[in-house]
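**Student:** can't give you the sequence, but here's the structure:
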């Protein structure tokens, strides 16, 4: 069983066993959050500009129209109870697994046909090979491939669908509402004698609509829950003739009835989301990849119905390659990180007043080593800052972290995201995890972008960074309107105590070189200025004294100051930009007094943004971005935004937690 999947219990075990994708909804939390958001927006109409009263009034009037049309307030938990649904207990949905039966055979038949055409033994290089053939204009490769694929999948019926588990307070009332909603959406209730079979019990109710993408669903009421199985439209290589409608109905009803036996209830493959969020989605990476393949290949073949014969083969090959890329995005890193969850909750994990938080958890394999993040022994202490960030560099270099999140082909994650049009929903859901893995495998991305195949070729760029324990950076002002042209920043590099004096000196020399390179880029082509910049590198490295990089006074970076503390057991480098010498010295003294206790459970990344700073920075770059909002009011009604990454434990299972929190403003 995949890590985290053993945590499922109760009604969740009514879902399809090995479900690749699972959703959890706590309606009471969703309603409270939605009502709170409406109340927050309506409380300060002037936040929406000079016409704020009219904007809010129009919205509230429209909302009342919705309430009158529905005959009830959709955010009222009492109203849902009266409709037969319990908003307190969790509602679940889960997709049928796509790695078994005809679904698996469907994928294997298509890919074996493509591999045979490419004369490859495995799919490992299939994407690159297909791209090469297409780029070379090899018409012979593609000619007739669609016909071969259709012959290979002939007779296979990949079945896709989902199961919904709804907590019920009143069976009869819920069923009456389902029948009413089905009739309103052109579903017909199917008579029991038409669908008799081993899966149909006396309390089962079946509905059918030939024109829907979800043509058949069945409701079973049992044990305080409604189990609703839904089958999706079958794969059709050609459009159905009117005379085939009856056979289509018969096939879809047969699929529906067999779903409960083909996909029995049990623990999903996806991990259970930690804590109790309002809304959560969970994915098993490899099972989700199978789902992406089935959906992608079905759409690729069905898209050919309206394609001319000459273009059909090329189009299928292109879409097949896109499907492989999209599925491969789910597979990369899945051996060590087999599961992912996304969740949205009201409130925060911390004790602070919070509006909501978003979390992503990457579930680690049980074979992975434990992770410890050592906090810095010293840190910035800036009283007024609109932005502050602290990042541990171990994830980029540590062998333990590489076992967790190291992937050899991070660029392929970006390729898979580019294939989003083949299956937009699944592709979008793969992006947060893909971006997280891409960012921490920057060495491989950098090597590919620079055309460097051997890491040793750029080791002299990377090696000095391994001696940094943590980087902290912060703005020195609350207002960031000047940051685009005159940054006022402070940064601190906490160096590893085990690094030798030579290694530390090498790091600081590398930082000097980066500053000189940046100064050269900003020199505007002036030969005199460039010569003066070059001469600044001839001076010896200064230690334990606050100084500048000795750039020409007229240069934009001449106000850079640095301090390299090298003589005690707490080595660090301190940098400032845009501060006078006295200001830099003041911040340095605060830093040197800011001793911190060393712990092993710090955040890998912590980023804090104050609303005043963020809004002022946005309006500096794009003055009209947030119009007609009155930013003076907005910034008073929002608190800081916190982004953090840290190792976590979810029910005894090790995860990496990525979290975004929006805090409430302080109460005066």
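**Tutor:** Nice, thanks for sending it over. Bear in mind that the values here come from a model prediction, so they are computed numbers and not experimental data.
**Student:** secondary structure element holding the closest residue to residue 294 other than its chain neighbours?
**Tutor:** In this structure, residue 294 finds its nearest non-sequential neighbour in residue 98, 4.5 Å apart by C-beta to C-beta, 6 or more residues apart in numbering. C-beta: built from backbone N, CA, C; applies to glycine. Assigned by DSSP states H and E, residue 98 belongs to no helix or strand.
**Student:** give me the contact list for stretch 644-660.
**Tutor:** 3-4, 7, 271-272, 274, 337, 349, 357-364, 366, 368, 370-373, 404-405, 432, 436, 601-607, 641-643, 661 (C-beta atoms under 8 Å, 6 or more residues apart in numbering).
**Student:** which of those residues fall in strands?
**Tutor:** 357-363, 605-607, 641-643, 661 (DSSP state E).
**Student:** surely residue 429 touches residue 291?
**Tutor:** No: using C-beta atoms under 8 Å, residue 429 makes no contact with residue 291, being 10.8 Å away.
**Student:** who's more crowded, those two?
**Tutor:** residue 291 (25 against 18; other C-beta atoms under 10 Å).
**Student:** can you tell me how far the more buried one sits from residue 1?
**Tutor:** Relative to residue 1, residue 291 is positioned 19 Å away (C-beta to C-beta, to the nearest Å).
**Student:** and for residue 288?
**Tutor:** With C-beta to C-beta as the criterion, residue 288 and residue 1 are 16 Å apart.
**Student:** more neighbours, those two?
**Tutor:** Neighbours were counted for residue 288 and for residue 1 using other C-beta under 10 Å; residue 288 has more, 28 against 11.
**Student:** who's in contact with that one?
**Tutor:** Contacts of residue 288 by C-beta under 8 Å, 6+ apart are 20-21, 330, 426, 430.
**Student:** local confidence estimate at it?
**Tutor:** pLDDT for residue 288: 95.
**Student:** that one: which element?
**Tutor:** Going by DSSP H and E, residue 288 is part of helix 285-302.
**Student:** please identify the buried residues of that helix?
**Tutor:** Across helix 285-302, burial judged by 16 or more other C-beta atoms under 10 Å covers 285-301.
**Student:** and what of stretch 268-281?
**Tutor:** 268-274, 277-281.
**Student:** try stretch 582-600
**Tutor:** 584, 587-588, 591.
**Student:** likewise stretch 235-253?
**Tutor:** Neighbour-count burial for stretch 235-253 [16+ other C-beta under 10 Å]: 235, 248-249, 251-253.
**Student:** so how far is residue 164 from the residue of the chain most remote from its centre?
**Tutor:** Going by C-alpha atoms, centre = their mean, the residue of the chain most distant from its centre is residue 528, 48.7 Å out. Counting by C-beta to C-beta, the separation of residue 528 from residue 164 is 73 Å.
**Student:** and residue 664, by the same measure?
**Tutor:** The value you get for residue 664 to residue 164, if C-beta to C-beta is used, is 34 Å.
**Student:** could you do residue 225 as well?
**Tutor:** For residue 225 relative to residue 164 (C-beta to C-beta), the value is 10 Å.
**Student:** go on, residue 184?
**Tutor:** 18 Å.
**Student:** out of the two, which sits in the more crowded spot?
**Tutor:** For residue 184 versus residue 164, neighbours defined as other C-beta under 10 Å are more numerous around residue 164 (19 against 8).
**Student:** and that one, what does it touch?
**Tutor:** 91-93, 226-228, 230.
**Student:** repeat that with 6 Å
**Tutor:** Contact analysis of residue 164 by C-beta atoms under 6 Å, 6 or more residues apart in numbering lists 93, 228.
**Student:** can you tell me the SS state at it?
**Tutor:** Secondary structure, DSSP: H, G, I helix; E, B strand; the rest coil: residue 164 is strand.
**Student:** show me what it is bridged to.
**Tutor:** Assessed by DSSP bridges, residue 164 has beta-bridge partners residue 93, residue 228.
**Student:** now do the same for residue 482: its pLDDT.
**Tutor:** 58.
**Student:** would residue 343 count as being in a strand?
**Tutor:** Yes: residue state for residue 343 (three-state DSSP) corresponds to a strand.
**Student:** and it, how close does it get to residue 437?
**Tutor:** From residue 343 to residue 437 the distance is 19 Å (C-beta to C-beta).
**Student:** same check on residue 354?
**Tutor:** Counting by C-beta to C-beta, the gap from residue 354 to residue 437 is 28 Å.
**Student:** again, but for residue 118
**Tutor:** 28 Å.
**Student:** residues in contact with residue 293?
**Tutor:** 107, 327.
**Student:** hmm, I was thinking of residue 158
**Tutor:** With C-beta under 6 Å, 6+ apart, residue 158 has these contacts: 102-103, 106, 235, 294.
**Student:** can you do 10 Å?
**Tutor:** 98, 101-107, 232, 234-235, 293-295, 297-298 (C-beta atoms under 10 Å, 6 or more residues apart in numbering).
**Student:** same check on residue 590?
**Tutor:** 380-383, 490.
**Student:** and it, helix, strand or coil?
**Tutor:** Applying three-state DSSP: residue 590 is helix.
**Student:** kindly report the same for residue 230.
**Tutor:** strand.
**Student:** ditto for residue 541
**Tutor:** coil.
**Student:** so who does it touch?
**Tutor:** Applying C-beta under 10 Å, 6+ apart, the residues contacting residue 541 are 505-506, 508-509, 512, 564, 566.
**Student:** for it, give me phi and psi.
**Tutor:** Phi and psi for residue 541, reported as degrees, to the nearest 10, are phi -70, psi 130.
**Student:** so how far is residue 361 from it?
**Tutor:** For residue 541 relative to residue 361 (C-beta to C-beta), the value is 44 Å.
**Student:** ok so, going back, identify the contacts common to residue 429 and residue 291.
**Tutor:** 21, 283, 330, 423.
**Student:** what about the third one, distance to residue 305?
**Tutor:** Remark: distance between residue 330 and residue 305 (C-beta to C-beta) = 28 Å.
**Student:** same deal with the second one?
**Tutor:** The span separating residue 283 from residue 305 equals 31 Å under the rule C-beta to C-beta.
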